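Visitor: Any chance you could fold what I've pasted below:
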Amino acid sequence: MTFKTKLAATVALTLAVAAPLPALALDDAQKKEIGEFIKEYLVENPEVLLEAQEALQKKQEEQQQAKAQSAITDNTKAIYNSPYDIALGNPKGDVTIVEFFDYNCGYCKRALSDMEDILKEDKNVRFVLKELPILGPDSLAAHKVSAAVRDLAPEKYGEFHRTLLGGEGRATEESAIALAASLGISEADVRKTMTEKPHDDAVRQAYSLANDLGITGTPSYVVGEEMVFGAVGADDLREKIANVRACGKASC
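Guide: Next comes the predicted model:
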């Protein structure tokens, strides 16, 4: 009998005896023997630990996606058609990507070119920008300016977004207002709109969605009722777009 077979037989026998007859517990010697069997097997076959870790990670990812898919179904309007968001690209595109981002997120800054490339080469994609200011007071303040720009001059929001997210340095209220002014939107109008329409509901909605979807960082995307966590790159997003068109899901 091989060691692996012996180990399996020992464990099986232990379970068979212990399950229906809990009173017949293993004594210390038996516990020690089984422990030594398991330890010896793992030392001789350490790849089993890696296989177990991979299996656990896969199971956790599947559970995370299942939770996210349920949340997407329950919050379809808030995710894809919220009045607080603006969509770039084709408003009637056959595939919609929703990006949760923060203006001070370094990964979001690097992912900006992914969106640009996709929108440039694919004229049938709708790209929804969902602001999720989670990186401190500066991010929240920049978001409030952004919301005012969206209200005052929605046609200039795309340029504002690209410039603020793509700029060097930290996005703040001051830098965002200066950018708005450079686009012809007066500081007085921006500050008045920020006071009269602070859009606190937009922030609460974004935080609530992030919690339901299992988002813990930015950027995160919704593509074809599937969550995509992290700056995965344009190629991965292109693949998911193609999958949605081919089979109706981001992963066929």
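Visitor: which ones are touching Gln65?
Guide: 226-227 (C-beta atoms under 8 Å, 6 or more residues apart in numbering). Any C-beta I mention is one placed from the backbone N, CA and C, and that applies to glycine too.
Visitor: Helix or strand: which one has it?
Guide: helix 47-74 (DSSP states H and E).
Visitor: contacts for whatever helix or strand Lys120 lives in?
Guide: Assigned by DSSP H and E, Lys120 belongs to helix 106-121. Contacts of helix 106-121 with the rest of the structure, by C-beta under 8 Å, 6+ apart, involve 88-89, 97, 99, 101-102, 125, 127, 162, 165-166, 217-219, 230-231, 233-234, 237-238, 241.
Visitor: So which of these sit within helices?
Guide: 162, 165-166, 234, 237-238, 241 (DSSP state H).
Visitor: Okay, buried residues for the helix holding Lys120 please.
Guide: Judged by neighbour count (16 or more other C-beta atoms under 10 Å), helix 106-121 contains these buried residues: 108-109, 111-112, 114-115, 118-119.
Visitor: Over to stretch 88-106?
Guide: By neighbour count, with 16+ other C-beta under 10 Å as the criterion, the buried positions of stretch 88-106 are 88-90, 93, 95-105.
Visitor: and the next element down the chain from the helix holding Gln65?
Guide: As assigned by DSSP H and E, the chain's next helix or strand after helix 47-74 is helix 76-80.
Visitor: helices or strands up against that following helix?
Guide: strand 95-101, strand 125-131, helix 200-213 (3 or more C-beta pairs under 8 Å, 6 or more residues apart in numbering; DSSP states H and E).
Visitor: wait, Leu209 sits on Asn75?
Guide: Yes: counting by C-beta atoms under 8 Å, Asn75 is a contact partner of Leu209 at 6.0 Å.
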